[in-house]
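Student: Sequence below, structure please.
(2 chains)
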Amino acid sequence: DAGVIQSPRHEVTEMGQEVTLRCKPISGHNSLFWYRQTMMRGLELLIYFNNNVPIDDSGMPEDRFSAKMPNASFSTLKIQPSEPRDSAVYFCASTTGWETQYFGPGTRLLVL
Amino acid sequence: GDSVTQMEGPVTLSEEAFLTINCTYTATGYPSLFWYVQYPGEGLQLLLKATKADDKGSNKGFEATYRKETTSFHLEKGSVQVSDSAVYFCALSDQGGSYIPTFGRGTSLIVHP
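Tutor: Purely as a prediction, here's the structure:
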């Protein structure tokens, strides 16, 4: 199994630009989570999907952030417009049965 | 709500020393408990887990016992190696609650040769 796949692995952009992060969960997993990790705030849950439906997006910081899951094998997290304080590592994780989470390698985002 | 409290790091040890990283939790239901490890530049990965009281999870020489009476799940290893240097996260998944996992802040472990 290839595991959770995230792209890009690294992203450097300028303030105001749109950023799109992508995730392919493990085949057969029915839940997908987006997290953000920073030194200051640790690991934060942004949004999670169950069977492609957004269940809880209360962790999304503001309207600049949006996430979609058009099918069981693909999800995107979009930031528009990006700001320097969005710089972080963004992780996608998938699971089934609400037990062990399988994390992707993360996308390291730097907004200048 | 649910919460996980871990000891703050960094924890700095010499190779072959004994490791304990404390973790306590608060949950309204019947949680499963987890330890995840994050190596530099990587995502979190499951190290071990326990699903009910008195269960012991173990993997790669690490152990943790689910203690319901003290609401604890402390991580231990008898002899650490330099390759164990990483960040360790305690977490719970409350099957009686929302099922959303709750993670601790993470504890950085640095092992010197």
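Student: ok, the helix or strand hosting residue B:33 near chain A or not?
Tutor: Assessed by DSSP states H and E, residue B:33 sits inside strand B:31-38. Yes - interface with chain A: strand B:31-38 contributes B:32, B:34, B:36 (CB under 8 Å from any CB of the partner chain). C-beta coordinates here come from the backbone N, C-alpha and C atoms, glycine included.
Student: Quick check: residues of chain B near chain A?
Tutor: So far as CB under 8 Å from any CB goes, chain B lies against chain A at B:32, B:34, B:36, B:41-46, B:49, B:89, B:93, B:95, B:98-101, B:103, B:105-106.
Student: The strand holding residue B:33: what's the following helix or strand?
Tutor: Proceeding N to C from strand B:31-38, the next assigned helix or strand is strand B:45-50, under DSSP H and E.
Student: packing partners for the next helix or strand after that next one?
Tutor: Later in the chain than strand B:45-50, the nearest helix or strand by DSSP H and E is strand B:56-59. Other helices and strands packing on strand B:56-59, by 3 or more CB pairs under 8 Å, 6 or more residues apart in numbering or on different chains; DSSP states H and E, are strand B:45-50, strand B:62-65.
Student: just the CA coordinates of the shortest one, formatted as CSV?
Tutor: Translated: strand B:62-65. Extracted as CSV, the C-alpha positions of strand B:62-65 are listed here (Å, rounded to 0.1, in the frame of the first residue of the first chain):
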residue,chain,number,x,y,z
PHE,B,62,8.4,0.8,23.8
GLU,B,63,5.5,-0.1,26.1
ALA,B,64,2.5,1.7,27.6
THR,B,65,-0.2,0.4,29.9
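Student: For chain B, which residues score under the pLDDT cut-off?
Tutor: Counting by pLDDT under 70, chain B contains low-confidence residues at B:95-99.
Student: Tell me which residue of it lies closest to chain A.
Tutor: residue B:43 (3.4 Å; CB to the nearest CB).
Student: State the number of residues packed around the closest residue to that residue other than its chain neighbours.
Tutor: Counting by CB to CB, 6 or more residues apart in numbering or on different chains, residue B:43 lies nearest to residue A:103, which is 3.4 Å off, once chain neighbours are set aside. By the criterion of other CB atoms under 10 Å in any protein chain shown, residue A:103 has 23 neighbours.
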